[in-house]
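# How does the following fold in three dimensions:
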Amino acid sequence: MSSGWARRRTHILGLLSGWALVVLIALTTVPTAAAAEEPSPGLGQSIAADQPITTGRAELGAGHVDLGPRYVDDQWTLMIHDGTQAQPVWRDPDETVLRVSDAALQTVPDDPAYAFLDVDAGKQVYVVPQVQNPDVVWLGWNTQDPRVMQSIDRGVTLSLLGVTGPGAVTTFLQSGNFSAPEPLWRSVEPKAQPFWAEVNTHTHANWVFTEPGVYLIAVQISADLISGETVSATRALRFAVGDATSVNEAYAATADIPGSVEQASPVSDRAGAGKATDEPGTLLLAVLVALAVLLATGLVLLLLRGRSAKRQAERAGGTPLPGGER
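Reported below is the predicted structural model:
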């Protein structure tokens, strides 16, 4: 083997080693799914780990109320976070009636942007507003219980499984910058309707009820945990819509709550809801792995070629140079 080839081989080996190091660093720094380190901001709310779970029936007709996941006796479930009093507490949905009073009545605007309500313009409906009205219950959701935040991977999926009641129910978001409404749940849809909520989220929405009466809304909340386990729970929310609707009737109402539905992981749900996905990272990882394989193959071929040239030189009777070169 000539000294020129030896120098070229050394140079090529150095370049390939450098590229291999770059690929190794890139492979170890490609982002992967993990619990969020910088959670989505809430609405100025935090929940203490020791907030109590209270028992006994309660009718909540005004003030701040959230749905949210909570562990009860180490079991994942959906509860109602009652912030209507100075001391917030958690309540069982079976013992809680959400009263939507006549103060919630609003007129459907003559605007095609609200066609998804399937209600004629000019008709009055009951609206739990996204922006708080002090005379109406203010209903949202949160994922801010400390144990929940420590255990879930990225967030949760909230799904509407079914509604029983005299009218239709629609839940939608609308930003304050005149953007179009974003429907989340529509009781007229026959299938389960999931949406994604990040860890440490605190969000409120508009809830529209087309008729007075008692409504039971079946909601499922599921999550992938950082332990690799998947948890899910389904509860019924009780609403007494209209001043004339009896709270006792709301407690007495029963409905067949659908079982858990098969869903993709919350990460897939989030992608379906228009959130960012990990597809670019997955593609980059595949490209880097392929590049690493090509580099390793090149190194092997180069070494084999060098050994073959060395053996040929030895058979020709050449004198070895220092370092094994000829």
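# in what helix or strand does the closest residue to P194 other than its chain neighbours lie?
Closest residue in space to P194, ignoring its immediate chain neighbours: S159 at 4.1 Å, by C-beta to C-beta, 6 or more residues apart in numbering. Just so you know, the C-beta spots here come from the backbone N, C-alpha and C atoms, and that holds for glycine as well. Element membership of S159, judged by DSSP states H and E, is strand 155-164.
# what angle sits between whichever helix or strand comes after that strand and strand 155-164?
Scanning forward in sequence from strand 155-164, with DSSP H and E defining helices and strands, the next element found is strand 169-173. Calculated by axes from the mean of the first three to the mean of the last three C-alpha atoms, to 10 degrees, strand 169-173 forms an angle of 150 degrees with strand 155-164.
# Which SSE is immediately downstream of strand 169-173?
Where DSSP H and E defines the elements, the next helix or strand beyond strand 169-173 is strand 182-186.
# That following strand to strand 169-173, inter-axis angle?
Here strand 182-186 points in a direction 160 degrees away from that of strand 169-173 (the same axes, to 10 degrees).
# hmm, back to that, parallel or antiparallel, which strands does the strand holding S159 pair with?
Strands adjacent to strand 155-164 in the sheet, as given by DSSP bridges, are strand 193-198 (antiparallel), strand 213-224 (antiparallel).
# which parts of it are buried?
The neighbour-count check on strand 155-164 (16 or more other C-beta atoms under 10 Å) flags 155-164 as buried.
# Any chance of CSV for those, columns pLDDT and distance to V128?
Written out in CSV, the entries for the buried residues of strand 155-164 read as follows (pLDDT from 0 to 100; distance: C-beta to C-beta, whole Å):
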residue, pLDDT, distance to V128
G155, 97, 23
V156, 98, 21
T157, 98, 22
L158, 98, 16
S159, 98, 19
L160, 97, 15
L161, 97, 20
G162, 95, 19
V163, 97, 14
T164, 96, 18
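# Closest one to A121 out of those, please.
Using C-beta to C-beta, V163 comes nearest to A121 of those, at 23.2 Å.
# pretty sure the closest one is in contact with I217, am I right?
Yes - under the contact definition of C-beta atoms under 8 Å, V163 touches I217, with a separation of 5.2 Å.
# list the residues that contact both of these two?
Contact criterion C-beta atoms under 8 Å, 6 or more residues apart in numbering; residues bridging V163 and I217 by contacting each: 169, 187.
# ok, so of the buried residues of strand 155-164, who is nearest F209?
For F209, the nearest member of those is V163. The distance, counting by C-beta to C-beta, is 9.8 Å.
# For this protein, give me the ranges with low pLDDT.
Within the chain, the set of residues satisfying pLDDT under 70 comprises 1-44, 258-326.
# Helices of that one, residue ranges please.
Counting by DSSP state H, one finds helices in the chain at the ranges 3-29, 146-151, 247-252, 266-272, 279-315.
# Near the closest residue to S227 other than its chain neighbours, how many residues? Count them for me, please.
Closest residue to S227 in three dimensions, ignoring its sequence neighbours and counting by C-beta to C-beta, 6+ apart: S151, at 7.3 Å. Applying other C-beta atoms under 10 Å, we find 19 other residues in the vicinity of S151.
# and S151, what is it in contact with?
Counted by C-beta under 8 Å, 6+ apart, S151 has contacts 225-227.
# ok, it to F172 distance?
S151 is 30 Å from F172, where distance means C-beta to C-beta, to the nearest Å.
# tally of neighbours for the nearest residue to S232 once chain neighbours are set aside?
Counting by C-beta to C-beta, 6+ apart, S232 lies nearest to S222, which is 3.8 Å off, once chain neighbours are set aside. By the other C-beta under 10 Å criterion, the neighbourhood of S222 contains 24 residues.
# any idea how far S222 lies from V89?
The spacing between S222 and V89, counted by C-beta to C-beta, is 24 Å.
# what is V241 paired to in the beta sheet?
V241 forms beta bridges with V100, G213, as assigned by DSSP bridges.
# Thank you, goodbye.
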